[in-house]
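Participant: kindly return the folded structure for what I paste below:
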Amino acid sequence: VPHDVKEYPGAGHAFLNDHLPAEVPAMMRLATRILGARYDEEAATDARRRIVEFFAVHLGGRAD
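Facilitator: Alright, predicted model coming up:
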């Protein structure tokens, strides 16, 4: 099974979520604050690049 796994030490849960506060329900804002879940720009940039590349190779028909 093709896969691509990478851990981002220091990046917590929800590190890809870069929503504006007004877009997030108040209860979720409170929960993320309590849990320490926050956006991590460096990890998110790398993860998004890897996701798009993986999808292009395995779902887009591109041969590498």
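Participant: ok, residue 15 - how many residues close by?
Facilitator: Residue 15 has 18 neighbours, counted by other Cβ atoms under 10 Å. Any C-beta I mention is one placed from the backbone N, CA and C, and that applies to glycine too.
Participant: does it sit in a helix or strand, and which one?
Facilitator: Here residue 15, judged by DSSP states H and E, is contained in no helix and no strand.
Participant: check contacts around the residue minimising distance to the centre of the chain.
Facilitator: Nearest residue to the geometric centre of the chain (Cα atoms, centre = their mean): residue 16, 3.0 Å. Contacts for residue 16 were tallied using Cβ atoms under 8 Å, 6 or more residues apart in numbering; they are 39, 44, 47, 48.
Participant: can we see that at 7 Å?
Facilitator: Contact partners of residue 16, counting by Cβ atoms under 7 Å, 6 or more residues apart in numbering, are 44, 47.
Participant: quick check: it vs residue 56, distance?
Facilitator: Using Cβ to Cβ, to the nearest Å, residue 16 is found at 18 Å from residue 56.
Participant: repeat that for residue 33.
Facilitator: According to Cβ to Cβ, residue 33 and residue 56 sit 35 Å apart.
Participant: go on, residue 12?
Facilitator: 28 Å.
Participant: for residue 2, give me the pLDDT.
Facilitator: Looking at residue 2, its pLDDT is 89.
Participant: ok, residue 61 next?
Facilitator: Confidence at residue 61, expressed as pLDDT, is 63.
Participant: show me which helix runs longest in the chain.
Facilitator: helix 41-59 (DSSP state H).
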